[in-house]
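Peer 1: could you look at this predicted model? Sequence included:
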Amino acid sequence: MGRLDGRIAVVTGSGRGIGAECAKLMASEGAKVVINDLGGSTDGTGAARIADEVVEEIRAAGGEAAANYDSVADPEGGQAIFQTAIDAFGGLDILVNNAGILRDKTIFNMEEADWDAVLNVHLKGHYCCSRPFAKYIRENNRTNCRIINFSSTSGLFGNFGQANYGAAKAGIAGFTRVLALELAKYGTTVNTISPGALTRMTIPLREARGQQVLETDIDSGGPQHVAPLVAWLASEDAAGISNQILHAASGMIGIMQQPRIIKSFRKKSGAWTLDELDDFIPQLLEARQKNDEAAQKTGEVIEV
Ligand SMILES: NC(=O)c1ccc[n+]([C@@H]2O[C@H](COP(=O)([O-])OP(=O)(O)OC[C@H]3O[C@@H](n4cnc5c(N)ncnc54)[C@H](O)[C@@H]3O)[C@@H](O)[C@H]2O)c1
């Protein structure tokens, strides 16, 4: 008995990296999985049928998988990816929006093409793949479905040189909040993953900082440390858990706080004057500082 017996999943960008680990673990737990991957380079150029290798691996291990090579970045691709699940397995229960690329540059050097490519694969890709699934859930009253979206600390915290990627990843967290509300009545949960893993996306960044990546680093920090959280969220055990941002990296799991107003003032009448703001803005900043300090304390990693 697997945790995902009888469930049908699409994992985008699962020809390698985190997506491949998620797909393989989900298949080993009994899910029938569509392996979608365009098979391009990290910057999104090129294409190759790398999805076939993961499909073969899953089948060799006794699981069920089907390949799809479309891009998540346009509506036709999103529709074709969804249709692959319908044609191969007769339905869809789980969508993992994992596909991604990078084009890191500071704003001074970031051309429109770099901005568009990254926003299209990440943020628009989430829209293109989620929409056919959401419509299908509503039209068929399909209950207990899952959408698992991929954000990043780059968007949630901010990271130098990643304005395009950070904007897309912050947008994905916002997209998740709205979809969680819109799909709640169908019993669909929608959550955000903030992953960290040594993959072809991140190994070159580490090497560029002069740090060698050894096999032991992959053991302790590879994508296999993200996959269990995704598979668990996809399972029936995670029913009712929605609109969360969960972090997984190198054996660590954590939960992020959501944006909230943590302190506020309202004037009894009239608009604020700039002189009044001189007094009140420091009080807001102090509240924010205290809130950050408290979160830092509760967020300290506990070894278990
Ligand atoms: N690795 C990390 O530490 C890390 C950190 C934060 C967020 N992420 C996110 O996790 C996800 C997976 O990253 P990874 O590290 O496994 O990267 P990866 O490059 O190893 O895998 C991403 C896969 O997506 C595929 N892909 C790219 N564009 C596509 C498109 N248009 N259509 C279909 N497939 C496409 C690629 O071919 C590739 O196989 C990404 O969304 C990434 O932004 C990763």
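Peer 2: That came through fine.
Peer 1: now the helices for the stretch 1-150 of the chain?
Peer 2: 17-28, 51-60, 75-89, 112-119, 125-140 (DSSP state H, counting those that start in this stretch).
Peer 1: any stretches of the stretch 1-150 of the chain with poor pLDDT?
Peer 2: Scanning the stretch 1-150 of the chain for pLDDT under 70 picks out no residues.
Peer 1: returning to that earlier point: and the helices of the stretch 1-150 of the chain: which comes nearest the ligand?
Peer 2: helix 17-28 (2.4 Å; Cβ to the nearest ligand atom). C-beta coordinates here come from the backbone N, C-alpha and C atoms, glycine included.
Peer 1: wait, which of the helices of the stretch 1-150 of the chain is closest to G270?
Peer 2: Counting by Cβ to Cβ, G270 lies closest to helix 112-119 out of the helices of the stretch 1-150 of the chain; the figure is 40.8 Å.
Peer 1: just to revisit the earlier point, please identify the most buried of the helices of the stretch 1-150 of the chain.
Peer 2: The highest average neighbour count among these, using mean count of other Cβ atoms under 10 Å, belongs to helix 17-28 at a mean of 26.
Peer 1: turn the helices of the stretch 1-150 of the chain into JSON lines, columns for distance to N36.
Peer 2: Shown next, in JSON lines, are the helices of the stretch 1-150 of the chain (distance: least, Cβ to Cβ, whole Å):
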{"stretch": "helix 17-28", "distance to N36": "8"}
{"stretch": "helix 51-60", "distance to N36": "6"}
{"stretch": "helix 75-89", "distance to N36": "5"}
{"stretch": "helix 112-119", "distance to N36": "18"}
{"stretch": "helix 125-140", "distance to N36": "8"}
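Peer 1: looking at the stretch 201-304 of the chain, what residue ends up closest to the ligand?
Peer 2: Taking Cβ to the nearest ligand atom, the ligand has its nearest neighbour within the stretch 201-304 of the chain at M201, 3.7 Å off.
Peer 1: could you say what helices and strands the longest strand along the chain packs with?
Peer 2: Longest strand of the chain, by residue count under DSSP state E: strand 189-196. The contact analysis (3 or more Cβ pairs under 8 Å, 6 or more residues apart in numbering; DSSP states H and E) places strand 189-196 against strand 146-150, helix 153-156, helix 163-183, helix 227-234, strand 245-249.
Peer 1: E21: which of those is closest?
Peer 2: That would be helix 227-234 among the helices and strands packed on strand 189-196, by Cβ to Cβ, at 4.0 Å.
Peer 1: what lies in contact with the closest one?
Peer 2: Contact with helix 227-234 is made by 3-4, 7, 9, 18, 21-22, 24-26, 29, 31, 94, 96, 146, 148, 189, 191, 193, 238, 241, 246, 248, 253, as judged by Cβ atoms under 8 Å, 6 or more residues apart in numbering.
Peer 1: just the buried subset of those residues, please.
Peer 2: 3-4, 7, 9, 18, 21-22, 24-26, 29, 31, 94, 96, 146, 148, 189, 191, 193, 238, 246, 248 (16 or more other Cβ atoms under 10 Å).
Peer 1: of those, which are in range of the ligand?
Peer 2: Among the buried ones among the contacts of helix 227-234, the ones lying near the ligand by Cβ under 6 Å from any ligand atom are I18.
Peer 1: what's the closest of the helices and strands packed on strand 189-196 to M110?
Peer 2: Closest among those, using Cβ to Cβ: helix 163-183, at 6.2 Å.
Peer 1: what lies in contact with the closest one?
Peer 2: Against helix 163-183 from outside (Cβ under 8 Å, 6+ apart): 97, 102-107, 110, 114-115, 117-119, 121-123, 126-127, 130, 134, 137, 145, 147, 149-152, 154-156, 158-159, 189-192, 242-243, 245, 258.
Peer 1: and the protein, what are its domains?
Peer 2: Following automatic domain parsing, the chain resolves into domains at 8-255, 261-304.
Peer 1: deepest of those, which one?
Peer 2: Taking mean count of other Cβ under 10 Å, domain 8-255 is the most buried of the domains of the chain, at a mean of 19.
Peer 1: so for that one, first residue to last residue, what's the gap.
Peer 2: Using Cα to Cα, to the nearest Å, the end-to-end distance of domain 8-255 comes out at 27 Å.
Peer 1: spell out which residues of the stretch 201-304 of the chain are next to the ligand.
Peer 2: Counting by Cβ under 6 Å from any ligand atom, the residues of the stretch 201-304 of the chain close to the ligand are 201-202, 223.
Peer 1: in JSON lines: those residues, plus pLDDT, distance to I86 and secondary structure.
Peer 2: Output for those, formatted as JSON lines (pLDDT from 0 to 100; distance: Cβ to Cβ, whole Å; DSSP: H, G, I helix; E, B strand; the rest coil):
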{"residue": "M201", "pLDDT": "96", "distance to I86": "30", "secondary structure": "coil"}
{"residue": "T202", "pLDDT": "96", "distance to I86": "34", "secondary structure": "coil"}
{"residue": "P223", "pLDDT": "98", "distance to I86": "28", "secondary structure": "helix"}
